[in-house]
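Asker: curious how this folds, go ahead:
(2 chains)
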Amino acid sequence: RKEVEQDPGPFNVPEGATVAFNCTYSNSASQSFFWYRQDCRKEPKLLMSVYSSGNEDGRFTAQLNRASQYISLLIRDSKLSDSATYLCVVNGPPGGGSQGNLIFGKGTKLSVKP
Amino acid sequence: DTAVSQTPKYLVTQMGNDKSIKCEQNLGHDTMYWYKQDSKKFLKIMFSYNNKELIINETVPNRFSPKSPDKAHLNLHINSLELGDSAVYFCASSHSGAPREQYFGPGTRLTVT
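Answerer: Below is the predicted model of the structure:
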């Protein structure tokens, strides 16, 4: 099983649609979770952290299910500017030198059409 | 006021050459990283430096050597470049301790011919 797995997409949706991305991770000891966004030919940028109780930032909602080792990102009322690749990110196993290591999924590509 | 900067942005070179990529951050972070993103878009960590000490080395070939003159800089030197080294290399930085948000530079697109 890969460390962080995501559906690569692409997800092609019309403006205004609601879209959900899912991610699973293999290491049950992981403690920190993030969603990053990467535009074409650009660097990854932090979109939001994911907290155990779930959290929302405007149109974006992140959920974490530790028992299932599953993370989700929901985007409501999608905009053209939301078109990008969304990367699920999990920290490496604790201990040793890898605690600060972030493990990136391959990303899910979203294309929002007019 | 760029937070994490890298130079050069593009680098085209021939097999066997030695090249360096520079990275600087002005965020006051004490940990810096180098990532490689290959043609399949998979982003994988290569190194991280905390207070001038290497703390992660993800089995990267020893042709790659990070050099940190101070905690605001982490340069990547590559010897004897190979075709498979062609990729986008991203520098990033963060505060140390528990995994924190990392801030990425704009990337260096390396093409080895």
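Asker: shaky segments in chain A?
Answerer: Within chain A, the ranges that satisfy pLDDT under 70 run A:1, A:93-100.
Asker: ignore the last one, chain B
Answerer: B:1-2, B:52, B:58, B:97-99.
Asker: which residue is nearest the middle of it?
Answerer: Nearest to the geometric centre of chain B sits B:Trp34, at 3.0 Å (Cα atoms, centre = their mean).
Asker: helices and strands around the helix or strand harbouring that residue, which ones?
Answerer: In this structure, B:Trp34 sits in strand B:31-37 according to DSSP states H and E. Identification of packing neighbours for strand B:31-37 by 3 or more Cβ pairs under 8 Å, 6 or more residues apart in numbering or on different chains; DSSP states H and E yields strand B:19-25, strand B:43-50, strand B:73-78, strand B:87-94. Glycine gets a C-beta too; all of them are placed from N, C-alpha and C.
Asker: from the chain's centre, how far out does it sit?
Answerer: How far strand B:31-37 lies from its chain's middle: 4 Å, per Cα atoms, centre = their mean, to the nearest Å.
Asker: what's in contact with that strand?
Answerer: For strand B:31-37, contacts defined as Cβ atoms under 8 Å, 6 or more residues apart in numbering or on different chains pick out A:100, B:23, B:25, B:43-50, B:55-56, B:66, B:68, B:71, B:73-74, B:76, B:87-96, B:102, B:104, B:107.
Asker: over to stretch B:106-113?
Answerer: Here stretch B:106-113 makes contact (Cβ under 8 Å, 6+ apart) with A:42-43, B:4-15, B:19, B:21, B:37, B:81-90.
Asker: name the residues of chain A found near chain B, please.
Answerer: A:31-32, A:34, A:42-46, A:49, A:85, A:87, A:91-92, A:97-104, A:106-107 (Cβ under 8 Å from any Cβ of the partner chain).
Asker: apart from its neighbours in sequence, what residue is nearest B:Gln25?
Answerer: B:Ser93 (4.1 Å; Cβ to Cβ, 6 or more residues apart in numbering or on different chains).
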